[in-house]
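>>> Please work out how this folds:
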Amino acid sequence: MLEQIDLTKVLILDIETVPVKRSYSDLDEKWKDLWERKMKFQINEDTTGEDLYERAGIYAEFGKIICISIGAFYYENSILKLKLKSFFNDDEKIILEEFRELLDTKYSADDKLLCAHNGKEFDFPFIARRCLINGISIPKILDTSGKKPWEVKHLDTMEMWKFGDYKSYTSLILLAAIFGIESPKDDIDGSQVGRIYWEENDLKRIEKYCKKDVITVAQILLKFKGMDMLMESDIIHADSKDESET
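Predicted coordinates for the structure are as follows:
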């Protein structure tokens with residue numbers, strides 16, 4: 001499986017998102033109404049729009065990106081390694097501008113690929129939408145406007161696992177368990193990111209968690225290719241300002 005994929009041309013990524021506002025009560029009346037409209041099919045006599053606001057981070061109209069972690073494969077003395085880097089900041093525009101610059105300078109060629117778990121449904125479109133919202137041009141590799149589905153070359157480990165079956169969602173933690181990969185959710189999981197960001201202001205902890213997801217996706221991709229998993233010594237953590245890793 002994936003024998004034709006050159007890993008050194010693949011950039012693995014994961015994003016962490018939170019609601020733009022800390023709580024529903026922080027929204028003005030216009031945005032409260034817009035949120036209620038967005039959630040109209042989920043609101044009922046037992047559940048209000050305020051009850052559902054913790055989910056706002058998964059919608060690009062109501063959430064923002066606080067971290068993008070990436071992993072790039074490379075060979076050193078014939079040994080496959082993975083170098084990690086993160087873009088994280090309270091200012092989403094700074095994250096997106098830095099990430100856009102990386103993609104447009106080093107991942108704009110037609111043979112470059114992005115990879116994420118559920119990336120086609122979440123990470124890739126979320127980044128593109130938030131770029132537009134922030135007045136940032138969409139990176140070439142993420143601009144799929146006008147392309148047919150088979151022309152979009154992004155890799156998605158969840159989609160690959162489906163083998164054409166569209167009946168169910170397979171979480172990253174489940175796929176990791178299947179292949180005997182260490183769980184990336186040993187500290188926190190996605191449902192806790194908003195609270196840790198808004199209540200504990202611990203962006204570094206979230207960044208660490210985001211990197212773990214990137215490592216897990218990388219290991220799963222290797223399993224799909226029938227290759228040995230990376231040893232811990234083969235995973236390199238680059239400084240966020242180091243541009244040499246990709």
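>>> list the helices and strands the host helix or strand of A128 packs on?
According to DSSP states H and E, A128 maps onto helix 123-133. Judged by 3 or more Cβ pairs under 8 Å, 6 or more residues apart in numbering; DSSP states H and E, helix 123-133 is in contact with strand 10-19, strand 63-76, helix 92-106, strand 113-116. For every residue, glycine as well, the C-beta is placed using N, CA and C.
>>> In the longest helix along the chain, which residues are buried?
Longest helix in the chain by number of residues (criterion: DSSP state H): helix 203-224. Within helix 203-224, the residues that count as buried by 16 or more other Cβ atoms under 10 Å are 203, 205-224.
>>> same deal with stretch 3-13?
Across stretch 3-13, burial judged by 16+ other Cβ under 10 Å covers L7, V10, L11, I12, L13.
>>> L175: which of those is nearest?
I12 (14.1 Å; Cβ to Cβ).
>>> and E16, how far is that from F122?
As judged by Cβ to Cβ, to the nearest Å, E16 and F122 stand 11 Å apart.
>>> picking up where we left off before, quick one: the helices and strands packed on helix 123-133 as a markdown table, columns for mean pLDDT too.
A markdown table is the format used below for the helices and strands packed on helix 123-133 (pLDDT from 0 to 100):
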| stretch | mean pLDDT |
| --- | --- |
| strand 10-19 | 97 |
| strand 63-76 | 97 |
| helix 92-106 | 97 |
| strand 113-116 | 97 |
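>>> Need these in JSON lines (columns: distance to R55).
What follows is the helices and strands packed on helix 123-133, written out as JSON lines (distance: least, Cβ to Cβ, whole Å):
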{"stretch": "strand 10-19", "distance to R55": "8"}
{"stretch": "strand 63-76", "distance to R55": "9"}
{"stretch": "helix 92-106", "distance to R55": "18"}
{"stretch": "strand 113-116", "distance to R55": "20"}
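>>> Quick one: closest of those to E159.
In this view, these are compared for proximity to E159 by Cβ to Cβ, and strand 113-116 is the closest at 10.1 Å.
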